[in-house]
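**Student:** quick check, what structure comes out for this input:
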Amino acid sequence: MKFLSPIFALALAGCSVFGIRSGTEEPSYRVLANVGPVEIRQYAPRLAASVTVQGDEIAARSTGFRRLARFIFGANQANADISMTAPVAQSAAKIAMTAPVAQVQGPAGSWTITFFMPAKYTVANLPKPADAGIQITQVPGATYGVVRFSGIPSAAPVAAAQARLFGALAGSNWVPEGGVEDWFYDPPWTLPFARRNEVAVIVRPK
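**Tutor:** Numbering: from 1, shown residues only. Have a look, this model is predicted:
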């Protein structure tokens, strides 16, 4: 099963050759509660680089990854390398409306792929991408419901994990808000049983 192009392997070269994450920076969070398979996590604000691409779920993931990888490997105004972090996030693209918080679903087959930037960067000091389609945003702090799963993250396992996420939240003390995000942590050579994949949605208490 094709997951991502060979550039994904290069981008995560800091990981162990055995396919286990080794020293890769991740956004910090604290666990607030557990609801069955769902972990309720509080994330702090974080800086992100995102690009919206067309294609099916897997092809879009690969295309978006390549464009973001070029950015962190030097295709930016400073010709600087930016450390890879985990996870890589994927979500159905949204189009902002005129109201500050209103969003609608983007065109069918459009996906937003996101890299979270290392914590040392701010909007002011992060090198500007050469690719005009890459957007740098400050992601607000938020509470997420998260389900973790292993295996190759093709469309069917991701959908199954999303179903577990929303099924566990139904009738709980937490209400999902907005669209689901898919988070991928490992290079493609990682053995399927050792892979860390997650699906996440912003939640609020009832």
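**Student:** check which helix or strand the most centrally placed residue in the chain maps to.
**Tutor:** Centroid check for the chain by C-alpha atoms, centre = their mean gives Ala89 as the closest residue, at 1.3 Å. For Ala89, the enclosing helix or strand under DSSP states H and E is strand 88-92.
**Student:** show me what that strand is packed against.
**Tutor:** When contacts are defined as 3 or more C-beta pairs under 8 Å, 6 or more residues apart in numbering; DSSP states H and E, strand 88-92 packs onto helix 57-72, strand 110-116, strand 174-184. No exception for glycine: its C-beta is placed from N, CA and C like everyone else's.
**Student:** partners of the second one in the sheet?
**Tutor:** Partner strands and pairing direction for strand 110-116 (DSSP bridges) are strand 46-54 (antiparallel), strand 88-92 (antiparallel).
**Student:** so what's the residue count around the nearest residue to Gln77 once chain neighbours are set aside?
**Tutor:** Nearest in space to Gln77, with sequence neighbours left out and distances taken as C-beta to C-beta, 6 or more residues apart in numbering, is Lys128 at 4.4 Å. By the criterion of other C-beta atoms under 10 Å, Lys128 has 12 neighbours.
**Student:** cool, and Thr190?
**Tutor:** Thr190 has 21 neighbouring residues, counting by other C-beta under 10 Å.
**Student:** for Pro176, which non-adjacent residue is closest in space?
**Tutor:** In space, and not counting its chain neighbours, Pro176 is closest to Val201: 4.5 Å by C-beta to C-beta, 6+ apart.
**Student:** shaky segments in the protein?
**Tutor:** Within the chain, the ranges that satisfy pLDDT under 70 run 1-22, 94-108.
**Student:** ok, which of the strands paired with strand 110-116 comes nearest Ser110?
**Tutor:** The closest of the strands paired with strand 110-116 to Ser110 is strand 46-54. By C-beta to C-beta, the value is 5.6 Å.
**Student:** so how far is Ala49 from the residue in the chain sticking out farthest from the centre?
**Tutor:** Seen from the C-alpha centroid of the chain, the residue lying at the greatest distance (C-alpha atoms, centre = their mean) is Gly171, 26.6 Å away. Distance from Gly171 to Ala49, counting by C-beta to C-beta, to the nearest Å: 37 Å.
**Student:** mind checking how far Gln135 is from Val146?
**Tutor:** According to C-beta to C-beta, Gln135 and Val146 sit 24 Å apart.
**Student:** okay, the two: which has more neighbours?
**Tutor:** Just comparing Gln135 and Val146: by other C-beta under 10 Å the higher neighbour count belongs to Val146, 21 against 14.
**Student:** relative to Gly36, how far out is that one?
**Tutor:** Val146 sits 12 Å away from Gly36, taking C-beta to C-beta as the criterion.
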